[in-house]
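> Have a look at this prediction, sequence included:
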Amino acid sequence: MNKNASGPPRLELIGLSRSFGAMRAVDAVSLAVWPGEICAVLGENGAGKSTLMNLLYGVLTADDGAMVWNGREVMVSDPRAAQALGIGMVFQHFSVLETMTVEDNIALALPGLDPKALQQRFSTICDRYRLALDLDAPVRDLSVGERQRLEIVRCLMQPKIELLILDEPTSVLTPTEVEQLFGLLREVAADGCSVLFISHKLPEVFALCSRALVLRRGAVSGDVPLEGADQDLLLSLMMDRGATAPAMSVTDSPKKRQHRSRQRLRVQNLSADCALAPGLDAVSFDACEGDIIGIAGVAGSGQDGLMAALSGEQLSAPESIQWDGSNLGSQGIRERRTMGWRSLPINRLGHAACPALNMPSNFLLTHMQNERFVRRGWIHWRSIWEATAMLVKAADVRMTSPVASANQLSGGTLQKFIVARELMDRPELLCCYNPSWGVDPGARTAIHDALRSAAAAGSIVIVISEDLDELIELCTRVGALYQGRLSRLQPLGPASVETLGRWMTGQETESAA
Amino acid sequence: MDLIFIADLLAATLAATVPLALCVTGVVIGERSGVLNLGQEGIMLMGAVCAFMVALNSGSYLLASLAGAAVGAAMGAAFALLTLVFQSNAVATGLALTIFGTGLSAFLGEAYVGESISGLGPLLPEALRTVPLLGPVFFGHDALFYAALVLCLLVHRVLHTQRVGLMVSAVGENPETAHRLGLPVLRTRWLTAIIGCAFTGLGGAYLAIVYTPLWTEGMTAGRGWIALALVVLAGWRVSWGLLAAFGFGFISISNLVLQGLGVTIPVNLLATLPFVMCLLALVIVSSGRRSEREPPRSLGQTYIKEN
Amino acid sequence: MRLERRSASSLGWQLLSPLIAVTLAMLTASALFAALGHAPLQVLELLFIAPVSDAYGLSELALKMTPLLLCATGLALCFRAGVWNIGAEGQYLAGCLVGGSVALALNSPDGPTVWYLCSAVVAGAAGGAVWAAAVALLRTRFHCSEVLTSIMLNYVALYLLLWAVGGPLKDPAGYSFPESALLEEAMLLPPLVQGYRAHVGFAASLLALAVLWTVVSRTLLGFKISVVGDSQAAARHAGFSEHRVVWTVLLSCGALAGLAGVMTVTGPVGQLTPHLSSGYGFTAIIVVFLGRFHPLGLLLAAALLALSFIGGENLQIELGLPKSIALMFQGLLLFFLLATELLTHYRLVPRE
């Protein structure tokens, strides 16, 4: 606790709880934040960080517990009430309206402010914190970093801002942008505003925060002053007991074997146009049996295009994708599936699975060409139910009901099912995009193990991910996408995160060219 | 064809525009906030029959217009209740409203078929009405005509230049984000659903107490559906919607035009014209879509508030 | 109280909610009748019980159910695929017009009349399919919302029919009524039971229902339809064409609705008139929702709504009430159905 502070804490939570159905997402959380303090909220994916912050900001309502604001107990029933208290929030998936201008986005959140006063306060804030943002720009033209800046400026422009919440703000930023953000947050805190910084990345937390609140399975597992604190201690507080393979140790994993086996995949000058995101610009790489290829990059660097081109949802020039020497680029997803290719799209619900259909139907979704399940247009539901039941058991997919539909499963459970579905008949190649995004630590470990053992059995696994830790943990070789161009691939240890960070901002690709 | 004939045509077109213009405006109000209400045809019929009943029994056209708008608002509230509270499918709910409105209006109006009322006389003084050409075209209309015009322009102003309009668009683009910005999503949608339908009801009222003026079963003849298509055509903007309504007002009096030109086309074939034109317009608009003509992104989707 | 999503849709509520909706609709209708000064029980009896109290009544019920079931079968396919085809009415009328024209052209008391009749029926189905093909083309090629285009085509079909019976197809020997000549006896569909009006079309509608059941529950096509209806991106991931599914369901629906149309012309009516539909294409939408997309449910729902048509006519004769009461009842029914559907996916839990 910050003993130097006088007066009551800015914010105090007492036993705050929130359940979704049977799951306790936030379990009796108590904490205090002092004026001008930058406090980290640490935890694995799925530990309840985002739920807790949504409770603070009034997006969700608590089942139980109390919130004390500047010494007075308050009820935050909706975001408007939170804003009136002086709480601002920068969301992980931005809350900006794409079809409007920056000015409209700000004006909507600040009622009772005429355009002239708004412009004045906007330039005051931008000058004060040296932020560059064009008031008239349409939001759809802004980069990810600029959108985040818009959200921050919007919070700072609130009539009163005494607590700024940032939910995983660095996940979409390049290392340089992260440095700029940290500078800004330090200044904001120096002006007396408290900051809650949500992250699962330890180095960032050490660089910015004075204190860390660690969450595990919805409950507080530790409240640690960071000065002189031990990384391992924090890690152990974050880690679920029983979860194996600590996230950071990579030395002894089987992926680092040196022998190169048969080369099967060759991607050559793969280019594609994409409607919204940047397309692909002459991407080339190749992969051998047992390879786990990692593709890093800031969100929106061409990952969607690469995923669509590799899965076959979008066709490309025939020779741009070669498999065992034959051209596959112009073959559709069905043809590729018969060659043993599989894919895991980023969007589980509504792309990899049908939300309203039950699990046997979702199983059938990617096994339609299998003679065992479909013969001459007739479906053999009995064998599908049997296969699904086996899969569910083998992959430890916990369902509340055998007839539950995909949208009634938790994200992690569904993803485990989907991974198992695609790995069922030993694919030759599996291409996945953010395979463990937003799932709980147990499921993440399970998914990673499944991917590793597929590679060990000879499959090629391509992991496109915005989570650097995941790539470092899993992959034999890693490269980065920047504006649709791919860097070279190289084996990567924890030490070369810096290199990868440079690649993500296009520094390698330029020097190579 | 002489100038007087053209002036008469323009005046008739303007009168035929009003019911469509009111309905189009109502639909724009709703749809800009994401409320997709396909019940326009039923609402318009209910507005028409109720206004006609009130006009006949009370003799007051003001009361009759208010009745039309109030019935529309009530049906809009029913729609909001089902889609916002009971989270029912918007398309199906709109259809239910149309089927219900068609049935109930026929039921209520049964006794009024064949009755007639005098209709509203012109509002402006004789001196203005007799100004050559301009007089008959613009100044010979009734009070409700001008009131409708003012209302539509007012909506245009509010939706496209005021903060309220910005709020409505925000809710229509992304209700989750709007909620996080602190905007009252559900309240906004309740209001736009109700106000929008009040406009549609008023459009029906104009049809029954001024334009025709009488009541027949199913007298709207698809105007509610045409209005829904015109809103797509207008890119969800009131000004363009009014223009489109004027165009279709002209098509709906095309029999007069053809008569004037001495061409005879079977009346039933002519009656397909507005619908065929609508289809053509939809094809043209949909195939050359520009970004500012995109529908509100959350249009017709069920919004489930996080809590 | 607050709503909480069920972890699995409640089967009990899925069955119960249509029953609750029917009950609520009847109660509301009764209240309305009472307010109008009619004894509610008497009205309900006239609406729902009197029409089916004898064999003749049952035959009439089968007769009315035929077009409803055919349209509803087609619509169920469309709605499952997420294709909001509101155009069954227009497709029905197109079937009437095209099939009726062919029947009139071949109208003769002798010759290979069975084949003539068959060609007329096939032409009717084709007419409906063509009408639906326009919707499919507009959606897949021009990205037009099928809701609006199918509605517009309803009106076009209606006015074309009105034009045809008042012009080219008008009976020259008739009076000034806009009606075609009567079809010869041999050009009419044979009755199911001699002496009653229900015809073989009813058997055809049951067959269509059985085929629907099989396709939806057993075939890959049925599965693809469900996938497209749930998520188009998932269909792409599975690797099949969403457009082909849209075309398939729309053409099937059009053909079935067209069949319903031509079977009305060559069935109970026997000529082309302006009043060939009582809004079957719209009522069929309610049938699909009330029947919960399930074949057995569709059958029961079609029976109830057909009854509301016959009962409506009954009320007109006995009490002088307008028959539009039937439409009103149908609208109410759909309202309540949509409202009660919430409870199949959510449960109410008390707020602490």
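Right, received. Where do you want to start? Numbering: from 1, shown residues only, chains lettered A, B, ... in the order given.
> ok, A:L97 - contacts?
With contact taken as C-beta atoms under 8 Å, 6 or more residues apart in numbering or on different chains, A:L97 is in contact with A:D104, A:N105, A:L108, A:V139, B:S169, B:A170, B:E173, B:N174, B:T177, B:A178. C-betas here are computed from N, CA, C, even on glycine.
> Skip the chain neighbours and tell me the closest residue to the first one.
Looking back up the chat, that one is A:D104. Closest residue to A:D104 apart from its sequence neighbours, by C-beta to C-beta, 6 or more residues apart in numbering or on different chains: B:L166 at 5.7 Å.
> repeat for the fifth one
Distances taken as C-beta to C-beta, 6+ apart put B:R32 closest to B:S169, at 5.7 Å, once the chain neighbours are dropped.
> Around the one you found, count how many other residues there are.
With neighbours defined by other C-beta atoms under 10 Å in any protein chain shown, the count for B:R32 comes to 26.
> Same check on the one 3 residues further on?
B:V35 is flanked by 33 other residues according to other C-beta under 10 Å.
> How about C:T28?
16.
> And A:L344, by the same measure?
28.
> Now it. Its backbone dihedrals?
Per-residue torsions, A:L344: phi -120, psi 100 (degrees, to the nearest 10).
> interface residues of chain B facing chain A?
Counting by C-beta under 8 Å from any C-beta of the partner chain, the positions of chain B adjacent to chain A are B:163, B:166-167, B:169-170, B:173-174, B:176-184, B:294, B:297, B:306-307.
> Quick one: buried ones out of those residues?
With burial judged by 16 or more other C-beta atoms under 10 Å in any protein chain shown, the buried subset of the residues of chain B next to chain A is B:163, B:166-167, B:169-170, B:173-174, B:176-183.
> Filter these down to the ones in helices?
Cross-referencing these against helices under DSSP state H gives B:R163, B:L166, B:M167, B:S169, B:A170, B:E173, B:E176, B:T177, B:A178, B:H179, B:R180.
> Contact partners for the third one?
Spelled out, that is B:M167. A:L108, B:A178, B:L183, B:T188.
> From A:A117, how far out is it?
18 Å (C-beta to C-beta, to the nearest Å).
> Also the last one?
Computed with C-beta to C-beta, the distance linking B:R180 and A:A117 is 23 Å.
> coming back round to it: which two from the ones in helices among the buried ones among the residues of chain B next to chain A end up farthest apart in space?
In those, two members sit farther apart than any others by C-beta to C-beta. They are B:R163 and B:E176, at 20.4 Å.
> phi, psi of the residue nearest to B:S169?
The phi/psi pair for B:R32 (degrees, to the nearest 10) reads phi -60, psi -20.
> Around A:Q331, count how many other residues there are.
So A:Q331, with other C-beta under 10 Å, has 20 neighbours.
> Just confirm it is within a strand.
No - A:Q331 is assigned coil when assessed by DSSP: H, G, I helix; E, B strand; the rest coil, not a strand.
> got the contact list for it?
By C-beta under 8 Å, 6+ apart, the contact list for A:Q331 reads A:G312, A:L315, A:M339.
> The same query, at a cut-off of 7 Å, please.
Applying C-beta atoms under 7 Å, 6 or more residues apart in numbering or on different chains to A:Q331 gives the contacts A:G312.
> can you pull the pLDDT of it?
Note on A:Q331: pLDDT of 89.
> Make sure I have this right: C:L343 is in a strand.
No - counting by three-state DSSP, one finds C:L343 to be helix, located in no strand.
> Give me the below-cutoff pLDDT ranges for the chain.
Picking chain A for this. When residues are selected by pLDDT under 70, those of chain A lie in A:1-6, A:21-22, A:45-46, A:239-260, A:274-278, A:441, A:493-496, A:508-513.
> I was thinking of chain B, sorry if that wasn't clear
Answering for chain B: the residues below the bar, that is pLDDT under 70, span B:1, B:288-292, B:307.
> for the residue of it found nearest chain A, phi and psi?
The minimum distance from chain B to chain A, using C-beta to the nearest C-beta, falls at B:G182 (3.7 Å). The phi/psi pair for B:G182 (degrees, to the nearest 10) reads phi 90, psi 10.
> my guess is C:V121 meets C:V262, correct?
Yes - using C-beta atoms under 7 Å, C:V121 is in contact with C:V262, at 5.4 Å.
> which residues do these two both contact?
C:G99.
> Those two - which one has more neighbours?
Using other C-beta under 10 Å, the more surrounded residue of C:V121 and C:V262 is C:V262, with 32 against 23.
> ok, that one to chain A distance?
Distance, C:V262 to chain A, by C-beta to the nearest C-beta, to the nearest Å: 29 Å.
> For that residue, which non-adjacent residue is spatially closest?
In this structure, C:V262 finds its nearest non-sequential neighbour in C:G124, 2.4 Å apart by C-beta to C-beta, 6+ apart.
> Could you report the neighbour count for the one you found?
By other C-beta under 10 Å, 32 other residues sit near C:G124.
> can you check C:A132 too?
Neighbours of C:A132 under the rule other C-beta under 10 Å: 33.
> in terms of contact, does it touch C:Q91 like I think?
Yes - between C:A132 and C:Q91 there is a contact under C-beta under 7 Å: 5.2 Å.
> For the two, list the residues in contact with both.
C:C253, C:G254.
> Looks like A:L306 contacts A:L280 (just checking).
Yes - shown here, A:L306 and A:L280 form a contact pair, counting by C-beta under 7 Å, at 5.9 Å.
> I'd say the residue of chain B closest to chain A and A:A109 touch.
Yes - under the criterion of C-beta under 7 Å, B:G182 makes contact with A:A109 at 6.2 Å.
> So A:D286, which state does it fall into?
On the basis of three-state DSSP, A:D286 is classed as strand.
> er, A:Q92 I mean
Three-state assignment for A:Q92 (three-state DSSP): coil.
> for it, phi and psi?
A:Q92 adopts backbone torsions of phi -60, psi -50, taken as degrees, to the nearest 10.
> Can you name the residues that contact the residue nearest to B:S169?
By C-beta under 7 Å, 6+ apart, B:R32 lies in contact with B:L159, B:V168, B:S169, B:G172, B:W236, B:P296.
> among those, who's most crowded?
For the contacts of B:R32, the largest number of neighbours (other C-beta under 10 Å) sits with B:V168, at 28 neighbours.
> Please tell me I have it right and that one contacts B:E31.
No - counting by C-beta under 7 Å, B:V168 does not reach B:E31; the two are 9.9 Å apart.
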